[in-house]
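Novice: sequence below, structure please.
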Amino acid sequence: MNRFEGKVALVTGGGSGIGRATALKFAAEGASVVIGNRKEKAGQETVDLIQQAGGKASFYRTDVSNLKDVQNLVQYTVDTYGGLDAAFNNAGVEDPQAMTPEQTEATFDLVINVNLKGVWYSMKCEIEQMLANGGGAIVNTSSIAGVIGYPGHAPYTASKHAVLGLTKTAALEYAQQGIRVNAVCPGAIETPLLDGLAEGDSATIDYMKSLHPIGRLGKPHEIANAVVWLCSDEASFVLGHGINVDGGFTAI
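Specialist: Presented below is the predicted three-dimensional model:
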């Protein structure tokens, strides 16, 4: 399929996991892709993978909690490829497991600044460009922790609930101006972030699997498929929606 032939896609947090899988999927469907990532080596590795497969991609080092970085990322995208048609705002961080009173102010600020403010900064800059382009599609990464409680992870849960609020609000604001805004809410996905959370404990991984009626963890490409579909013309009547891609986790 070449649903994005001649189009330009931007992926934050594209250096690994869901972000990398989505960048690869966009490129495989014809898009020129810009990877925004804090870790330069990981971001460049994604670019290399895309180029080795015959696709077009570039990397721009970005800390999404810094507005100037995000402005520069979007401008770089436009300068390099001539526009912006699709954006996946995926960059995020976890928090250490701790009860709500035990979470530190530093942790709370970090998680909110990256997971929430970073999405807001990204949408601010992307929407301005898409309005100039005549439209586009944006997908934000929330989580199953954006639709249910997640004991031991109050900052993360708060940030992901808020991402859905931002998504719905922006979707309504620009519904008639050619910009569709949606979100994905992944369950537990086999990524480096999950590995760090489990700290290599197989019992923890097995427990996470048991929470999903499908009986396994998700794969990054399964989230990528949903993101790319949401950004495609096939989802032209879908906006303001958070899609649970969670193996049935939230259906229980």
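Novice: give me the distance between residue 141 and residue 54.
Specialist: Residue 141 is 27 Å from residue 54, where distance means CB to CB, to the nearest Å. Placement of C-beta: from N, CA and C, glycine included.
Novice: which one of those two has more residues nearby?
Specialist: Each of residue 141 and residue 54 has its neighbours counted (other CB atoms under 10 Å); residue 141 has more, 25 against 8.
Novice: that one reaches residue 183, doesn't it?
Specialist: Yes - in terms of CB atoms under 8 Å, residue 141 counts as a neighbour of residue 183; the distance is 7.0 Å.
Novice: quickly list what's touching both of the two.
Specialist: Counting by CB atoms under 8 Å, 6 or more residues apart in numbering, the common neighbours of residue 141 and residue 183 are residue 163.
Novice: in the stretch 51-200 of the chain, which spans are helices?
Specialist: 67-81, 105-111, 118-133, 154-173, 192-198 (DSSP state H, counting those that start in this stretch).
Novice: for the longest one, name the packing helices and strands.
Specialist: If I follow you right, that is helix 154-173. helix 105-111, helix 118-133, strand 136-141, strand 179-186, strand 242-245 (3 or more CB pairs under 8 Å, 6 or more residues apart in numbering; DSSP states H and E).
Novice: for that helix, list the C-alpha coordinates in CSV.
Specialist: Extracted in CSV, the C-alpha atoms of helix 154-173 (Å, rounded to 0.1, in the frame of the first residue of the first chain):
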residue,chain,number,x,y,z
ALA,A,154,-0.2,8.8,39.5
PRO,A,155,1.9,11.2,37.4
TYR,A,156,1.9,9.0,34.4
THR,A,157,-1.8,8.3,34.7
ALA,A,158,-2.6,12.0,35.1
SER,A,159,-0.6,12.9,32.0
LYS,A,160,-2.2,10.2,29.8
HIS,A,161,-5.8,11.2,30.9
ALA,A,162,-4.9,14.8,30.1
VAL,A,163,-3.6,13.8,26.6
LEU,A,164,-7.1,12.5,25.8
GLY,A,165,-8.6,15.8,26.9
LEU,A,166,-6.2,17.8,24.7
THR,A,167,-7.0,15.4,21.8
LYS,A,168,-10.7,15.8,22.0
THR,A,169,-10.5,19.6,22.5
ALA,A,170,-8.2,20.2,19.5
ALA,A,171,-10.3,17.8,17.4
LEU,A,172,-13.4,19.9,18.0
GLU,A,173,-11.6,23.2,17.4
